[in-house]
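Student: Based on what follows, work out the 3D shape:
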Amino acid sequence: MALRTEFTELLAIEHPIASAPMGGSAGGELAAAVSNAGGLGLLGAGRCDLDWIERELAILDEHTDRPWGIGFQSWATEPAKLERALEFRPHAVMLAFGDPTPLIAPVRAAGALLLMQVTDMAEAEQAVAAGADVIIAQGTECGGHGARRGRSTLTFVPVVADLAAPTPVLAAGGIADGRGLAAALTLGAAGALVGTRFQAATEALVAMETSTAIIKGRGQDTERSAVLDIVREVPWPAEYTARTLAHPFLEQWRDREAELAQDADARRGYRAAVARGDLPPSPVWASEAIDLIDDVRPAAELVGALVAEAEAAFGRALGVSGRG
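Tutor: Now for the predicted structure:
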C-alpha cells in the first residue's frame, strides 16, 4: 500500500511525512536524514542567530540532494535571516506564528513552495487567501508553541481541509506513530507534520537529558502555559503558549503570569538557578503523544516505522492482514 497524496506529489517525495522545524533542535543532520528517508525534512530556524542558521543549512545542503525546507517564526524573523536561507535554495519554506505577510514575497520570488501553519480558522482563511501551497493545521496537543485557545487536531484538521481544498493540508499536533499518520490521512489531510517524535531522533540537537525526559514522560505530565516564556524573557505573542513537561518554576507560578511579568527579582532568581544547575537550562517541549515514544532511533528508522504502522493501521481497518 503506497501512501501517495497531493503532498507527496507536490514535493516529489515518497512519504507524506514532514519533520517539524523545531527551533534549535531540528538541525541540518535531522532534516537531511528525514529527506533522505523519503519525507520532507525541515530545518528549525526559530529564534536562532544567523551563524547557527548558516552552519546548519550548510550541513543540510551537504548531506542531501532530496527536497528539504526550513521553518521560520513569522513574529520573530528578521528579513536578513530569511534572505540568507533562501540563498541555499530550499524547496519549501514554512511560516508559522504571527503575520506572515512581510515574508511571503521573498519566498515566492525565490521559487520555494510556501507552507503556512495555522492554529485557528482566521489564520486558515489568511493562508488560503495568501495562496499557500501547503497549509499545516496545528492542534493544541502539539509540543512547543501553539494556540492558547485552539482546537484539537481531530476536529480542526477536517475543517481546514474542507476550507483549503484543493490545497494540501498537513495535520500537526499529537502525532507520534503511524496510527496518528493514518488518522490524519483519514481526516482529509495529505500528510502529517511530526515534532516530538523527532525530538527523540539520534540526529536531533538535544541534550541526552531531554531525550530521556521525553521517553519517561507521559501525556498527562505536559501542560500549556506562558510561564516559561515570561521567565526566560522571550516575548512570544500572547495568543501562543507552549506545551512542555512539568517544570519547578511552572509549578510555582501557574496562573500568575501577569505577576511574574512584573517581578524582575523572580526572573533574576530563575536565571541564577539555571546557572547553578538547580533548574534545567531550557524547557522540555513535548506533545501529549509522548506516551508513544519509548526510544531514541535514527530519523530514517522513524520515517520507516511511521509508514509501516500507518499501512498496518489501514490494513486492520479494512480487514486486510500484512502490508499490501
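
Student: what's the distance between residue 124 and residue 288?
Tutor: Computed as CB to CB, to the nearest Å, the residue 124 to residue 288 distance reads 22 Å. (Glycine included, C-beta is placed from N, CA and C.)

Student: part of a helix, is residue 4?
Tutor: No: Residue 4 is assigned coil when assessed by DSSP: H, G, I helix; E, B strand; the rest coil, not a helix.

Student: any idea of the pLDDT on it?
Tutor: Note for residue 4: predicted pLDDT of 94.

Student: can you give me the mean pLDDT across the longest helix anywhere in the chain?
Tutor: Counting residues, the longest helix found in the chain (DSSP state H) is helix 299-318. Average pLDDT, helix 299-318: 94.

Student: Just list what it packs against, helices and strands only.
Tutor: strand 17-19, helix 28-36, helix 178-186, helix 196-199 (3 or more CB pairs under 8 Å, 6 or more residues apart in numbering; DSSP states H and E).

Student: which other residues reach the third one?
Tutor: The set of residues external to helix 178-186 that reach it, using CB atoms under 8 Å, 6 or more residues apart in numbering, is 3, 5, 16-17, 153-154, 157, 170-171, 174-175, 191-192, 194, 289, 292, 305-314, 317.

Student: what does the helix-or-strand element of the chain with minimal mean pLDDT contact?
Tutor: Within the chain, no helix or strand scores below helix 248-253, which has a mean of 88 by mean pLDDT, DSSP states H and E. Contact with helix 248-253 is made by 223, 225, 227, 228, 231, 244, 259, 260, 266, 270, 279, as judged by CB under 8 Å, 6+ apart.

Student: Might you report the residue contacts of the first one?
Tutor: Yep, that's residue 223 we're talking about. Contacts of residue 223 (CB under 8 Å, 6+ apart): 243, 244, 246, 250.

Student: of the residues you listed, buried ones?
Tutor: Neighbour counting with 16 or more other CB atoms under 10 Å marks 243, 244, 250 as buried within the contacts of residue 223.

Student: Just confirm the second one is within a strand.
Tutor: This means residue 244. Yes: residue state for residue 244 (three-state DSSP) corresponds to a strand.

Student: List the residues that contact the residue nearest to it when sequence neighbours are not counted.
Tutor: Spatial nearest neighbour of residue 244, chain neighbours left out: residue 283 (4.2 Å); criterion: CB to CB, 6 or more residues apart in numbering. By CB under 8 Å, 6+ apart, the contact list for residue 283 reads 228, 242, 244, 245, 247.
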